[in-house]
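**Student:** Below are the sequence and a predicted model for it; my questions follow.
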Amino acid sequence: MPLPGHNHFPACLRTMKPMHLPWLQPGDPFPDPAEAWDQRQPAPGLLAAGGALDVESLQRAYARGIFPWFSEGQPILWWSTDPRMVLFTNEFRLHRSLRKTFAKFTADPRCEIRFDSDFDAVIRACATSHRPGQSGTWIVPAMVAAYEAFYRAGFAHSVETWIDGQLAGGLYCVVVGRAVFGESMFTRVPDASKIALGALVAWCRQAQVDVIDCQQNTRHLASLGAREIPRAEFVQQVGVNARRSSAPWHFEPVYWNAVLPHPNPA
């Protein structure tokens, strides 16, 4: 479930039989992430099926580096990929043209970043956005409902790019303690989702959050500085960060100073 969105499920999962995996009942503990299928099996990273998408289950899953990802007609599928794609916030990469875009955005009074102003609109835009090479979305109605409940419980959040009073792009993420997990992005204006990601990085830096989970490797994320690390290292980091106290979830324009080399004083 990388930030730009993903829907390329292994062909074997279209007819997957749940008995080939640990089958969870609601409330069951998750298997150790190290028990996920490896490269010798048809869906590397697949850990379990079944269970529930309630707030408590999602919180337990994320705190162990596990996430749900499935398409319509499948059971809930739980994953913990190895290696894991992450963005270390001090490695966020702004190429020259994108740096100019950021500087222009921060200097324009018509443009603003909002946090959690309209989470429902963001996740629904992510679910319905057309993505080249994809015929559908993994953000099925059950996932939308689950993450809207996760948002109301204080664990899911949106980062929104607004221009002229209109929602131009954004992303939604999960925050457990100070462990941050990127979920999906959408854009209606060029680079609006990248600006939202830059704002998330800026917030993370001031909140002393070192890493954003991106889950799977994409060229887009790699171009922004994300890279793969071993799952064992990732799970260890998540376990530590998930137990830390949460930082206030809000955005101030001064946070851009942590991202832009020559920030606009505004």
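**Tutor:** Arrived safely, thanks for sending.
**Student:** From here on, just use CA atoms for contacts and neighbour counts.
**Tutor:** OK.
**Student:** Show me where this structure has its strands.
**Tutor:** 23-24, 46-50, 67-68, 77-79, 84-88, 111-115, 156-163, 166-176, 179-187, 211-215, 227-229 (DSSP state E).
**Student:** which residues touch the first one?
**Tutor:** Same thing as strand 23-24. With C-alpha atoms under 8 Å, 6 or more residues apart in numbering as the test, strand 23-24 has contacts from 30, 48, 49, 50, 51.
**Student:** again, 6 Å this time
**Tutor:** Strand 23-24 has contacts (C-alpha atoms under 6 Å, 6 or more residues apart in numbering) with 49, 50, 51.
**Student:** cool, stretch 46-63 as well?
**Tutor:** So stretch 46-63 is contacted by 21-26, 36-37, 75-79, 146, 150, 242 (C-alpha under 6 Å, 6+ apart).
**Student:** What of stretch 86-98?
**Tutor:** 201, 210, 211, 212, 213, 214, 224, 225, 226, 227.
**Student:** Only C-alpha atoms, please: export that stretch in PDB.
**Tutor:** Output in PDB follows, covering the C-alpha atoms of stretch 86-98 (Å, rounded to 0.1, in the frame of the first residue of the first chain):
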ATOM      1  CA  VAL A  86      10.700   3.700   4.100                       C
ATOM      2  CA  LEU A  87      11.500   7.400   3.900                       C
ATOM      3  CA  PHE A  88      13.900   8.600   6.500                       C
ATOM      4  CA  THR A  89      12.800  12.200   7.000                       C
ATOM      5  CA  ASN A  90      16.400  13.600   6.900                       C
ATOM      6  CA  GLU A  91      16.800  12.000   3.400                       C
ATOM      7  CA  PHE A  92      13.700  13.600   1.800                       C
ATOM      8  CA  ARG A  93      14.900  14.700  -1.600                       C
ATOM      9  CA  LEU A  94      13.700  17.900  -3.300                       C
ATOM     10  CA  HIS A  95      15.000  18.200  -6.900                       C
ATOM     11  CA  ARG A  96      15.400  21.800  -8.200                       C
ATOM     12  CA  SER A  97      12.100  22.000 -10.000                       C
ATOM     13  CA  LEU A  98      10.200  20.600  -7.100                       C
END
